[in-house]
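Visitor: My questions concern the predicted model and sequence given below.
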Amino acid sequence: MPLSDIVNKHLAYTYDNGWKYEFWLKSEKRIVYKIHGGPMSGRSNYQTCAVQEVRSGEIYQISWVEETGTVVSIIVDLAQKRITTYMAFSRGHWDFPEKAHGDKRNPEDFARWRELASVGKNTDREVLPEQATIDEIFEGRGDLEDIDEDAPTI
């Protein structure tokens, strides 16, 4: 299934609760994002992701598992400029959000994030369904730092 309508898109969006995020879908298997508002503000990251088209040229699902143990799945509705997200934060990520701040490219941040996955047990999660309005859509990475397709994740 062609994903050309979503690959290389850069979206800036604001959740209804006021949290501000942006992401760039670099490829069909890599997403780069930065968090600007909310408890996770100050986090710069990239992930290996899975992308699927839900409705041709309009609605896409992007999902990944983070090194912190957090599970994220985002539905992007380009036509309506809306995002619907399912986030299942690990206890470590949710209970110690300041430890999840930083940039994965920094080895100390990456190692600290991995430690957050071991806090609690796998079924002990903070589940958040959230919705957001897409504030801006454009092509390319913008100010986000590029990554190598083979950069380590998890």
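Guide: Cool, got the structure.

Visitor: buried stuff in the top helix by length along the chain?
Guide: When the chain is parsed with DSSP state H, its longest helix is helix 107-116. Buried residues in helix 107-116, counting neighbours by 16 or more other C-beta atoms under 10 Å, are found at 109-110, 112-113, 116. For glycine as for every other residue, the C-beta is placed from the backbone atoms N, C-alpha and C.

Visitor: can you give me how far it is from the chain middle?
Guide: How far helix 107-116 lies from its chain's middle: 17 Å, per C-alpha atoms, centre = their mean, to the nearest Å.

Visitor: Touching that helix from outside, list them.
Guide: With contact meaning C-beta atoms under 8 Å, 6 or more residues apart in numbering, helix 107-116 is reached by 66-69, 90, 92-93, 96, 99-104, 152, 154.

Visitor: residue boundaries of the helices in the chain?
Guide: 91-95, 107-116.

Visitor: can you put these in JSON lines and add distance to residue 27 and mean pLDDT?
Guide: Putting those into JSON lines (distance: least, C-beta to C-beta, whole Å; pLDDT from 0 to 100) gives the following:
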{"stretch": "helix 91-95", "distance to residue 27": "25", "mean pLDDT": "96"}
{"stretch": "helix 107-116", "distance to residue 27": "21", "mean pLDDT": "96"}
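
Visitor: okay, among the contacts of helix 107-116, which ones form the most distant pair?
Guide: 96 and 152 (22.2 Å; C-beta to C-beta).

Visitor: Identify the bridge partners of residue 77.
Guide: In this entry, residue 77 is beta-bridged to residue 59, residue 82, by DSSP bridges.

Visitor: Identify the bridge partners of residue 125.
Guide: residue 90.

Visitor: can you count the residues close to it?
Guide: Using other C-beta atoms under 10 Å, the number of residues around residue 125 comes to 18.

Visitor: Quick test: name the residue nearest the centre of this protein.
Guide: Residue closest to the average C-alpha location in the chain (C-alpha atoms, centre = their mean): residue 33, at 5.7 Å.

Visitor: Can you tell me the closest non-neighbouring residue to it?
Guide: residue 23 (3.9 Å; C-beta to C-beta, 6 or more residues apart in numbering).

Visitor: residues contacting the one you found?
Guide: By C-beta under 8 Å, 6+ apart, the contact list for residue 23 reads 10-11, 31-34.

Visitor: Out of the residues you listed, which end up buried?
Guide: Buried subset of these (neighbour count, 16+ other C-beta under 10 Å): 10-11, 31-34.
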